[in-house]
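Participant: no FASTA, just this:
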């Protein structure tokens, strides 16, 4: 099933995407809901961020080839992580497909994409085993973990490197029933494929991350876990570019890039 | 004015604390609201976390004496931060006054308090100057930034060191009209004063943090900024302790400590 959150004439609702149509849900897929008789044309709706997470987790470093590439680019010597320590991002930065990524005027750059698979939590969960971990997942969406590499290197935290307003595009939809370890995520910049990787190469599986988180924390409906990116994240993004994170079933998370004027 | 969020017979509401009474608000102080005619006895209400932040910011290192103490205790050599880089905590960990801090069974310890002044945002804000920064603040509350020091040292991120369920007590109330740079915060463990400091010693002021954040990020009503702690954070907390963060006007954020059994 393919779920989304939409807006039409100031009304916001969840819906099931069926081909070119959207069947409106009464209620929320994160709580009580039922299918209504109202159908919309997908093309006539604004697609919103598919959920507004109360807690926004990320894997950070979770693919070997991305770490190797980053070391080569920066002259760094970062080792593969030995355990699945969890990072955080901030909901202020979320934008929907179609909305502009705004690079702050004082960004020295480069700003780069990171295309990611995102697990969207559907049920309250605590102390799940790896075998049961996916039972709390409603489905999967896409994320673009935009990163300002100068700030990532220089600041004590990842605050403005990763969490400037508009730096976390997420969407377009949530697809249930996928195996998170058997997906292909690709990235296009101005229509040209810039990156493509298989999620099977995660250092720590989605199941492992979820089980580890729930050893210490309660996962809540609407929480998201961004699962990391692999490989190089070039070319650097510049004013006027369009960046797309793509998946065969979830669809395309497409955002234009704007550099804020001084 | 002293605001709180309360529960009585499964009904949740905001209220104005007036002595021993609470005047119920219709609506939310983070949006439309008005004073109602309903009065409650404070003693008959359960006090909840005063807001549920969409974005949970923290200053991290923001007092010299705390950094000096931490270096001495751990043999570290952390320098004073050169700029106000912002950290994050996660709302899953929030609990109200009176609720138990639960130390995970596998925590090697020590677990320590960090008593903090917390700015609670009341208005949407972007690009504020330091001179205008406090215009977006609804008021101030207290936070206890519980920290598992072994995990803080060993993990790549602060996830379980700082964000285990129950590790972020916040409350009891929000008091408006305070000067955030002229307050005294104290901490008691089992009734004995363990720490006391003046917020005037912040390395970077509340105004500076808010101005810096809003240079890159939109602050939203209900967001919180925890402003750091000063000095030593001992004694280590153990099962059966009661830890209190205290302020003359905001009140006492009191939480018992429980060590989870294996």
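Facilitator: That came through, no problem. Keep in mind the model is a prediction, meaning the values are calculated, not measured. Numbers count the residues shown, from 1 in each chain, chains lettered A, B, ... in the order given.
Participant: Could I get the average pLDDT for the helix or strand hosting residue A:68?
Facilitator: For residue A:68, the element it lies in under DSSP states H and E is helix A:64-74. Within the predicted structure, the mean pLDDT of helix A:64-74 is 93.
Participant: Mind giving me the packing neighbours of the helix or strand that it is followed by?
Facilitator: Read in the C-terminal direction, the helix or strand following helix A:64-74 is strand A:87-88, with elements assigned using DSSP H and E. In terms of contact count using 3 or more Cβ pairs under 8 Å, 6 or more residues apart in numbering or on different chains; DSSP states H and E, strand A:87-88 is assigned the packing partners strand A:56-58, helix B:159-163. All C-beta atoms are positioned from the backbone trio N, CA, C, and that covers glycine.
Participant: ranking the ones you listed by burial, who's on top?
Facilitator: Relative to the other members of the helices and strands packed on strand A:87-88, strand A:56-58 carries the highest mean neighbour count by mean count of other Cβ atoms under 10 Å in any protein chain shown, namely a mean of 27.
Participant: helix/strand/coil for the residue sitting furthest away from the middle of chain A?
Facilitator: Ranking residues of chain A by C-alpha distance from their mean position (Cα atoms, centre = their mean) puts residue A:37 at the top, at 30.5 Å. Under DSSP: H, G, I helix; E, B strand; the rest coil, the three-state class of residue A:37 is strand.
Participant: now the one 3 residues further on
Facilitator: In three-state terms, and counting by three-state DSSP, residue A:40 is strand.
Participant: Give the bridge partners for it, please.
Facilitator: Under the criterion DSSP bridges, residue A:40 forms beta bridges with residue A:22.
Participant: What about it, how many residues nearby?
Facilitator: Neighbour count for residue A:40, taken as other Cβ atoms under 10 Å in any protein chain shown: 16.
Participant: just checking, it touches residue A:24?
Facilitator: Yes - using Cβ atoms under 8 Å, residue A:40 makes contact with residue A:24 at a distance of 6.6 Å.
Participant: Can you find the helix or strand in chain A with the smallest mean pLDDT?
Facilitator: Per-element confidence for chain A was summarised using mean pLDDT, DSSP states H and E. The lowest value among helices and strands belongs to helix A:64-74, with a mean of 93.
Participant: how about that one: buried residues?
Facilitator: Within helix A:64-74, the residues that qualify as buried by neighbour count (16 or more other Cβ atoms under 10 Å in any protein chain shown) are A:66-67, A:69-70.
Participant: Touching that helix from outside, list them.
Facilitator: Contacts of helix A:64-74 from elsewhere in the structure, counted by Cβ atoms under 8 Å, 6 or more residues apart in numbering or on different chains, are A:61, A:76-80, A:149, A:153, A:197, A:201, A:203, A:228-233.
Participant: can you tell me which of these are in helices?
Facilitator: Among the contacts of helix A:64-74, the ones falling in helices (DSSP state H) are A:149, A:153.
Participant: Now which of the contacts of helix A:64-74 would you call buried?
Facilitator: When neighbours are counted using 16+ other Cβ under 10 Å, those contain these buried positions: A:61, A:149, A:197, A:203, A:228-233.
Participant: coming back round to it: out of the buried residues of helix A:64-74, the closest to residue B:164 would be?
Facilitator: Distances from the buried residues of helix A:64-74 to residue B:164 were compared by Cβ to Cβ; the smallest belongs to residue A:67, at 27.2 Å.
Participant: Quick check: residues of the stretch 1-150 of chain A near chain B?
Facilitator: Residues of the stretch 1-150 of chain A lying close to chain B (Cβ under 8 Å from any Cβ of the partner chain) are A:52, A:54-57, A:60-61, A:81, A:83, A:85-88, A:90-93, A:104, A:126.
Participant: How many residues are close by residue A:262?
Facilitator: By the criterion of other Cβ under 10 Å, residue A:262 has 5 neighbours.
Participant: Please read the previous query as pertaining to residue A:6.
Facilitator: Taking other Cβ under 10 Å as the neighbour definition, residue A:6 ends up with a count of 23.
Participant: That one against residue A:17, yeah?
Facilitator: No - the pair residue A:6 and residue A:17 fails to qualify as a contact (Cβ under 8 Å) at a distance of 9.3 Å.
Participant: where along chain A do the helices fall?
Facilitator: Here chain A has its helices, by DSSP H, at A:64-74, A:149-154, A:159-163, A:206-216.
Participant: Distance to residue B:12 added to those, as a markdown table?
Facilitator: Written out in a markdown table, the entries for the helices of chain A read as follows (distance: least, Cβ to Cβ, whole Å):
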| stretch | distance to residue B:12 |
| --- | --- |
| helix A:64-74 | 44 |
| helix A:149-154 | 39 |
| helix A:159-163 | 30 |
| helix A:206-216 | 26 |
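Participant: what's the closest of these to residue A:2?
Facilitator: Taking Cβ to Cβ, helix A:206-216 is the member of these nearest to residue A:2, at 19.1 Å.
Participant: hmm, who's touching the closest one?
Facilitator: Helix A:206-216 is contacted by residues A:57, A:59, A:84, A:86, A:117, A:119, A:125-131, A:133-134, A:136-137, A:180-181, A:199, A:204, A:219, A:225, A:227, B:104, B:159-160, B:163-165 when judged by Cβ under 8 Å, 6+ apart.
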